[in-house]
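S.K.: 3D, please:
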Amino acid sequence: MGIFYLNHNVLELQRSDQNLITKLKEITKINQYLDSQSFNMYVYSNLWNIPVLGGTLKSFLYRANRDEVSVVLLTLMNTGPFYYENSVVANLTITPNINGVSSFANKLLEICFKDKHSLVTSISDETYLINRSYEVSSGIITHEIVNHIGIEDLTTYFEQQFNPINIKDVFEKIEEQNYNIVILEDAKKSAQQHNFLGRFIEIYKVIIALEDIELSMLREGVPAAERKKIFFEQTGFEISSESDKTLNIRKYKREREFIIPVAGKVLFDWHIKIGNSTRIHYYIDKQNYKIYIGHCGKHLGTASYNS
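M.R.: Below you'll find the model as predicted:
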């Protein structure tokens, strides 16, 4: 199930009971809509204490009529699901700048950065987080956060979502959008013979992440152990190089050798692990910004695993 973090900035800016109730109704509609799309809306763990109309949101809801909106909001504040404030991250850079001064807007983007979370939904008339996309970075680590303002924007997002039903859809989408990623014919052949158990959107996302995350780290000289750690933190999937023990077995080494333009035969020992049975072997030409996928399918043989 997917997740959106709620940005509640606008609630603090309301100047009348009716305006505040209108915004609370909007939150309820957003929550219901996301639920219909099998997504969760997470709220700030201290939502009940945000200042509204001279008091707190909690005190306002308890004195308001016990209608559906109040019940839904009180339930969210009491049981969540929540996102939580984390310790401060030093020297964060946010691009573009937040519109105006808002301690919570900065805090929300910081929380998203720490959680490696990318999807935010803001109430309409948002005045601080007014851009669709923000990049938050700390040194070599950069994280993109996408901000959808209002339920109409959310509706458009879900209408435009890529929902592949087979591996051919995945490869066609990648080739259509990403000129730096090359799917070799060997990868397409291996994919045709494999059962991906419906995990096509995950295949798509991790291949795209090779350009967004792995290529950047390689060009910056990030050590292998750190690259593995960061890739896992940002995608939830492991990358790894093959062991010398496996590569010393000629049969298994040949399975990982593929021909690419200019360089000829190259060893694709780095791979992404998806479950127990699926592996994506890749080679990155960091000088020419090219990522080659040589194998996408069954777990190839290793010294400890015979495919």
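
S.K.: so how many other residues sit close to the closest residue to Leu92 other than its chain neighbours?
M.R.: Spatial nearest neighbour of Leu92, chain neighbours left out: Ser138 (5.4 Å); criterion: CB to CB, 6 or more residues apart in numbering. For the C-beta atoms, the positions are set from N, CA and C on the backbone; glycine is no exception. Residues near Ser138, counting by other CB atoms under 10 Å, number 15.

S.K.: The chain should start at 35 in everything you say after this.
M.R.: Sounds good: first residue 35 from here, last item Ser172.

S.K.: Give me the local confidence score for Ser172.
M.R.: For Ser172, the pLDDT comes out at 86.

S.K.: what pairs with it across the strands?
M.R.: Ser172 has the following beta-bridge partners by DSSP bridges: Ile175.

S.K.: how about the nearest residue to Ile183 once chain neighbours are set aside, what does it touch?
M.R.: Closest residue to Ile183 apart from its sequence neighbours, by CB to CB, 6+ apart: Ser156 at 4.6 Å. By CB atoms under 8 Å, 6 or more residues apart in numbering, the residues touching Ser156 are Asn41, Asn43, Val44, Leu163, Asn181, His182, Ile183, Gly184.

S.K.: ok, now with 7 Å
M.R.: Asn41, Leu163, Asn181, Ile183 (CB atoms under 7 Å, 6 or more residues apart in numbering).

S.K.: which secondary structure element contains the third one?
M.R.: Assigned by DSSP states H and E, Asn181 belongs to strand 175-183.

S.K.: What are the buried residues along that strand?
M.R.: Within strand 175-183, the residues scored as buried using 16 or more other CB atoms under 10 Å are Ile175, Thr176, His177, Ile179, Asn181, His182, Ile183.

S.K.: Check stretch 302-316 too.
M.R.: So, applying 16+ other CB under 10 Å, buried residues of stretch 302-316: Phe302, Asp303, Trp304, His305, Ile306, Lys307, Ile308, Thr312, Arg313, Ile314, His315, Tyr316.

S.K.: Ramachandran coordinates for the first one?
M.R.: Right, Phe302. Backbone torsions of Phe302, given as degrees, to the nearest 10, read phi -100, psi 70.

S.K.: how near is it to Arg253?
M.R.: From Phe302 across to Arg253, the span is 19 Å (CB to CB, to the nearest Å).

S.K.: got the residue ranges for the helices in the protein?
M.R.: Assigned by DSSP state H, the chain shows helices spanning 51-70, 91-97, 102-113, 137-149, 184-193, 201-211, 219-226, 234-243, 250-253, 258-269, 278-281, 284-289.

S.K.: Tell me which residue is most central in this protein.
M.R.: The residue lying closest to the centre of the chain (CA atoms, centre = their mean) is Ser152, at 4.8 Å.

S.K.: and the angle from the helix or strand of the chain with the lowest mean pLDDT to helix 51-70?
M.R.: In the chain, no helix or strand scores lower on mean pLDDT, DSSP states H and E than helix 102-113, which sits at a mean of 79. If you take axes from the mean of the first three to the mean of the last three CA atoms, to 10 degrees, helix 102-113 sits at 70 degrees to helix 51-70.

S.K.: Run through who's touching helix 102-113.
M.R.: Contacts for helix 102-113 (CB under 7 Å, 6+ apart): Ile55, Leu58, Lys59, Ile61, Thr62, Asn65, Val77, Leu81, Trp82, Lys92, Leu95, Ala98.

S.K.: before we move on, back to that, with Asn120 as the reference, name the closest of the helices of the chain.
M.R.: Comparing the helices of the chain against Asn120 with CB to CB, the closest turns out to be helix 137-149 (4.4 Å).

S.K.: name the helices or strands packed onto the closest one?
M.R.: strand 36-41, strand 167-172, strand 175-183 (3 or more CB pairs under 7 Å, 6 or more residues apart in numbering; DSSP states H and E).

S.K.: CA atoms only for that helix - export them in PDB, please.
M.R.: The C-alpha trace of helix 137-149 is given here as PDB (Å, rounded to 0.1, in the frame of the first residue of the first chain):
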ATOM      1  CA  SER A 137       9.000  26.100  10.500                       C
ATOM      2  CA  PHE A 138       6.600  23.200   9.700                       C
ATOM      3  CA  ALA A 139       7.200  23.200   5.900                       C
ATOM      4  CA  ASN A 140      11.000  22.900   6.600                       C
ATOM      5  CA  LYS A 141      10.300  20.200   9.200                       C
ATOM      6  CA  LEU A 142       8.100  18.200   6.800                       C
ATOM      7  CA  LEU A 143      10.700  18.100   4.100                       C
ATOM      8  CA  GLU A 144      13.300  17.200   6.600                       C
ATOM      9  CA  ILE A 145      11.200  14.300   7.900                       C
ATOM     10  CA  CYS A 146      10.600  13.100   4.300                       C
ATOM     11  CA  PHE A 147      14.400  13.300   3.700                       C
ATOM     12  CA  LYS A 148      15.100  11.200   6.800                       C
ATOM     13  CA  ASP A 149      12.300   8.700   6.000                       C
END
